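coords please:
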Amino acid sequence: MLFGLFWLGWDPVDLVRKLDQGARPTLFLTMTPPPGSSGGLAMRSPEALIMAAAGTLIGTPVGMMAGIYLAEFGGRGWLAP
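Below you'll find the model as predicted:
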């Protein structure tokens, strides 16, 4: 558990530490350039939000239903413990 909590805390710290190395607001606000030139991620930001929302909308009910099933009906199976 401590190993997992360490990495859970390390990720935000590492992200904030590396923000000054290249993650400027212009990175997210300028359009994506042709290959080989520098530019931003403006076209990819909405796509990432849509994918995260879709994954949350699909994964949350499935995970909750699986947990409820295991807690109520699967107590004697090998997977519940």
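
contacting residues for the most centrally placed residue in the chain?
Nearest to the mean C-alpha position of the chain, by Cα atoms, centre = their mean, lies Ala52 at 6.8 Å. With Cβ atoms under 8 Å, 6 or more residues apart in numbering as the criterion, no residue contacts Ala52. The way it works is simple: take the backbone N, C-alpha and C, and place the C-beta from them, glycine included.

quick check: pLDDT value at it.
For Ala52, the model assigns a pLDDT of 94.

where's it, which helix or strand?
helix 44-72 (DSSP states H and E).

flag every buried residue along that helix.
Judged by neighbour count (16 or more other Cβ atoms under 10 Å), helix 44-72 contains no buried residues.

what's the offset of it from the middle of its chain?
The chain centroid and the centroid of helix 44-72 are separated by 11 Å under Cα atoms, centre = their mean, to the nearest Å.

now swap in stretch 67-81 and tell me
With Cα atoms, centre = their mean, you get 27 Å for stretch 67-81.

start the count at 48 instead of 1 going forward.
Sure thing, new numbering starts at 48, so read that last one as stretch 114-128.

how is the protein carved up into domains?
48-89, 90-128 (automatic domain parsing).

worst mean pLDDT among those domains?
When I compare these, domain 48-89 is least confident, with a mean of 80.

mind checking the end-to-end distance for it?
One end of domain 48-89 sits 38 Å from the other (Cα to Cα, to the nearest Å).

what's the burial count for Gly121?
15 (other Cβ atoms under 10 Å).

where does it fall, phi/psi-wise?
phi -100, psi 20 (degrees, to the nearest 10).

separation between it and Leu49?
29 Å (Cβ to Cβ, to the nearest Å).
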